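J.: using only what follows, build the 3D model:
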Amino acid sequence: MEQDKINGTEKTSGAQSVDRALALLSLLGRHSGKGLSLSELTALSGLNKPTVRRLLLALINGGMVDQCNPTHRYQLGPEAYLLGLRASEHHSLVRTATRNVARLAKATEDAACLSVRRGLYSLCLHREDGPYPIRTYALVPGAYHPLGVGAGSLAMLAALPDDEVETTLDANHQTLAAEYPSLMPERLRELVMETRQHGYAMNPGLVFPDSWGLGVALYWPDGTLVGALSLAAIESRMQEPRRSQLLPLLKQEAKDIETQIARQYAKHSHG
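T.: Below is the predicted model:
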């Protein structure tokens, strides 16, 4: 069995090809200036030449690697660039939105949160607490919830295409039944429809009693989902007419975050 010098471990079949392909991408990323030749990739990876050639061909077909003429050296391809661009912007989301989250918390006096999608789940990246003394801590940085559980999480679920919503709900069915019995797929489908109709998501204490939330999705310039901005407060502070006063503030900060994201996206795309 071939030994992978990059991580120093032997792999069995199954994930082995994926591991090796990722290792080659990592090598190319660390030598992005001139690229690497087939012989250099073979030596650095510890794989044999036929294996490297086969993996490179697959990566080229997927747009992740390019072979440059006339040198025949390999470099990262356009799809790798797009993934890197998206990842770079994604990980800078907190830095981009921190001022908006803080301003929203100050203006509403409640908790403002920034979340992103992580597969079947939502992840809270950042939270700012307003000065109101009674707070709800249903959502804190680092907290994972199945998509649809919580206002920001529900806003992200509703932003997905119908088939992806169904795939997500089916995959999370057991988790929802065990941990969130009030938010079974049937109920979440209803909430998705309501969110789309209203243009915002509302969690009326469905996760924890007396913990209410409002959320809106955040989008990339191409219309795909980037995350969600939400407000969390006790029930009495989410009733009308106050709820209608909070929504414009929430939507305005979300719009400003999207404007900043679009500006950064354009800068990278044309840079």
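J.: need the longest helix for this structure.
T.: Assignment by DSSP state H gives helix 242-270 as the longest helix of the chain.
J.: what are the buried residues along that one?
T.: 243, 246-247, 249-250, 253-254, 256-258, 260-261, 264-265 (16 or more other C-beta atoms under 10 Å). Any C-beta I mention is one placed from the backbone N, CA and C, and that applies to glycine too.
J.: report all helices and strands that whatever helix or strand Thr167 lives in contacts.
T.: In this assignment (DSSP states H and E), Thr167 forms part of helix 162-171. With contacts taken as 3 or more C-beta pairs under 8 Å, 6 or more residues apart in numbering; DSSP states H and E, helix 162-171 sits against helix 151-158, helix 185-198.
J.: so the residue of the chain most remote from its centre, which of the three states?
T.: No residue in the chain sits farther from the centre than Pro70, which is 38.6 Å out by C-alpha atoms, centre = their mean. Three-state assignment for Pro70 (DSSP: H, G, I helix; E, B strand; the rest coil): coil.
J.: what ranges do the strands span in the chain?
T.: Assignment of strands within the chain using DSSP state E yields the ranges 65-67, 74-76, 111-118, 121-128, 144-146, 201-204, 211-219, 225-234.
J.: and the longest one, what's its mean pLDDT?
T.: So that's strand 225-234. Mean pLDDT, strand 225-234: 96.
J.: name the helices or strands packed onto it?
T.: Packed next to strand 225-234, using 3+ C-beta pairs under 8 Å, 6+ apart, are helix 93-108, strand 111-118, helix 151-158, strand 211-219, helix 242-270.
J.: could you export the helices and strands packed on helix 162-171 as a markdown table, including mean pLDDT and mean neighbour count?
T.: Output for those, formatted as a markdown table (pLDDT from 0 to 100; neighbours: other C-beta atoms under 10 Å):
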| stretch | mean pLDDT | mean neighbour count |
| --- | --- | --- |
| helix 151-158 | 98 | 31 |
| helix 185-198 | 97 | 15 |
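J.: between these, which gets nearest to Val226?
T.: In terms of C-beta to C-beta, the element of those nearest to Val226 is helix 151-158, at 9.2 Å.
J.: what's the angle from the closest one to helix 185-198?
T.: Relative orientation of helix 151-158 and helix 185-198, computed by axes from the mean of the first three to the mean of the last three C-alpha atoms, to 10 degrees: 90 degrees.
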